[in-house]
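predicted coordinates and the sequence they were generated for:
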Amino acid sequence: MPGLTKEEKQTRLSQPVISATGPPKKVNRKKRTFDEFFQALVEYKTKHGDCNVPLRYKDDSALGFFVSNLRRGAKPVTEEQRHRITNIGFDWETLNEKQERQWQENFAKLKVYKLKYGDSHVPQGWKDDPSLANWVGCQRKKQGKGKLLKHREARLNFINFRWSQSKGPRKTTSYDLKWMEKYTELLEFKKATGHTMVPVFWKKNKSLGQWVGRLRTHYAQNNISQDRVDLLDDIGFVWRINSADASNSLSQRKWDKMFCHLETFKRTYGHVEVHTSYQLNGLGTWLAVQRHDRGRVE
């Protein structure tokens with residue numbers, strides 16, 4: 001340091017060195033808006049075919065955390081935003097919810113197996129349903145390692161689940177097979193209609209309606225096995241018809257539906273004087289029947 005005294009040189013050397021560019025600047029990352037995340041999610045779906053962005057998605061880690069927070073409810077969204085996300089096929093089910101649903105579905109299949117074969121000992125490598133056989137094996141392994149949730153272990157114990165492997169299923173009777181055939185038909189009926197109240201004289205499948213009627217009779221007589229009761233309970237089977245309750249009566253459900261059509265008519269036209277010739281939803285004919293029935297009571 002030419003031109004400086006010895007004391008000035010020592011003072012200069014003792015001072016901290018300051019970079020010519022100044023202190024390091026903080027990176028000011030702009031917070032992404034919902035619309036920006038939504039657009040990124042749309043692009044991800046276009047590329048991958050779904051909205052299941054991994055938590056640590058290497059191409060856009062922020063998008064992975066955004067999706068995770070959505071499912072956990074940690075990312076508040078408006079109804080309009082939720083609607084937009086749902087419309088692109090977003091699955092709101094969390095990992096825990098998905099695992100629980102899959103467990104319940106397999107448990108229901110296991111109960112069907114027990115009803116058909118008389119036990120719940122699905123053999124390893126069972127050809128009729130390999131996925132159920134694998135699931136059963138997985139439950140055994142988890143239980144052996146102490147990793148099976150206690151409430152799940154209790155449910156399996158309740159149906160006398162065998163924790164060791166079985167050589168093969170027991171033989172089933174022709175009656176069991178026929179029962180399961182009707183149960184399958186009832187499942188299809190519920191899938192199509194949303195309920196299990198098959199009319200006794202249902203024209204499309206008279207035998208199913210009669211079978212359902214016999215189920216209720218056997219139940220009232222305490223003449224049906226608990227395994228079958230459980231299977232029917234699982235699909236919301238109505239054991240006792242209640243004509244005053246729409247959830248337990250097909251006729252009451254239909255009546256309530258027609259009444260809703262009448263309310264819509266009144267909101268539209270300001271009155272309920274529906275002429276018999278008005279046949280939208282069959283409202284005119286239905287209302288004429290109600291008036292006729294009321295006149296007979298009086």
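Okay, I see it.

which pLDDT value belongs to the residue nearest to the spatial centre of the chain?
The residue lying closest to the centre of the chain (Cα atoms, centre = their mean) is Arg101, at 6.9 Å. Each residue has a pLDDT score; the one for Arg101 is 89.

surely it is in contact with Glu93?
Yes: in terms of Cβ atoms under 8 Å, Arg101 counts as a neighbour of Glu93; the distance is 7.2 Å. Yep, even glycine has a C-beta here, placed from its N, CA and C like the rest.

helix or strand for Leu63, which one?
Counting by DSSP states H and E, the element that carries Leu63 is helix 61-72.

that should have said Arg82, apologies.
Per DSSP H and E: Arg82 is located in helix 79-87.

which elements pack onto that helix?
The helices and strands touching helix 79-87, judged by 3 or more Cβ pairs under 8 Å, 6 or more residues apart in numbering; DSSP states H and E, are helix 34-48.

10 Å instead, please
helix 34-48, helix 61-72 (3 or more Cβ pairs under 10 Å, 6 or more residues apart in numbering; DSSP states H and E).

may I see these organised as TSV, with mean neighbour count and mean pLDDT added?
Shown next, in TSV, are those (neighbours: other Cβ atoms under 10 Å; pLDDT from 0 to 100):
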stretch	mean neighbour count	mean pLDDT
helix 34-48	15	90
helix 61-72	17	87
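
circling back: isn't the residue nearest to the centre of the chain right up against Asp91?
No: between Arg101 and Asp91 there is no contact under Cβ atoms under 10 Å: 11.4 Å.

one step back: can you tell me the average pLDDT over the helix holding Arg82?
Average pLDDT, helix 79-87: 87.

that one: how far from the chain's middle?
18 Å (Cα atoms, centre = their mean, to the nearest Å).

what do you get for stretch 89-103?
8 Å.

again, but for stretch 179-193
Distance of stretch 179-193 from its chain centroid, counting by Cα atoms, centre = their mean, is 19 Å.

could I have it exported to CSV, CA atoms only?
The C-alpha coordinates for stretch 179-193 follow below in CSV (Å, rounded to 0.1, in the frame of the first residue of the first chain):
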residue,chain,number,x,y,z
TRP,A,179,-77.8,-67.3,-3.6
MET,A,180,-74.6,-65.6,-4.8
GLU,A,181,-76.1,-65.4,-8.3
LYS,A,182,-79.1,-63.4,-6.9
TYR,A,183,-76.9,-61.3,-4.7
THR,A,184,-74.9,-60.3,-7.9
GLU,A,185,-78.1,-59.4,-9.7
LEU,A,186,-79.1,-57.3,-6.7
LEU,A,187,-75.8,-55.5,-6.9
GLU,A,188,-76.5,-54.7,-10.6
PHE,A,189,-79.9,-53.5,-9.7
LYS,A,190,-78.5,-51.1,-7.1
LYS,A,191,-75.9,-49.8,-9.5
ALA,A,192,-78.6,-49.0,-12.0
THR,A,193,-81.2,-47.5,-9.6
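
enumerate the positions of it that are buried.
Neighbour-count burial for stretch 179-193, counted by 16 or more other Cβ atoms under 10 Å, picks out 179-180, 182-183, 185-186, 189-190.

same deal with stretch 79-90?
For stretch 79-90, a neighbour-count test (16+ other Cβ under 10 Å) marks 81, 84-85, 90 as buried.

as CSV, could you dump the C-alpha coordinates of it?
Listed next in CSV are the C-alpha coordinates belonging to stretch 79-90 (Å, rounded to 0.1, in the frame of the first residue of the first chain):
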residue,chain,number,x,y,z
GLU,A,79,-66.1,-23.4,-4.4
GLU,A,80,-65.4,-22.0,-7.9
GLN,A,81,-61.8,-23.1,-7.7
ARG,A,82,-62.7,-26.5,-6.4
HIS,A,83,-65.2,-27.0,-9.2
ARG,A,84,-62.5,-26.1,-11.8
ILE,A,85,-60.0,-28.6,-10.4
THR,A,86,-62.7,-31.3,-10.1
ASN,A,87,-63.7,-30.8,-13.7
ILE,A,88,-60.2,-31.7,-15.0
GLY,A,89,-60.4,-35.1,-13.3
PHE,A,90,-58.6,-34.3,-10.0
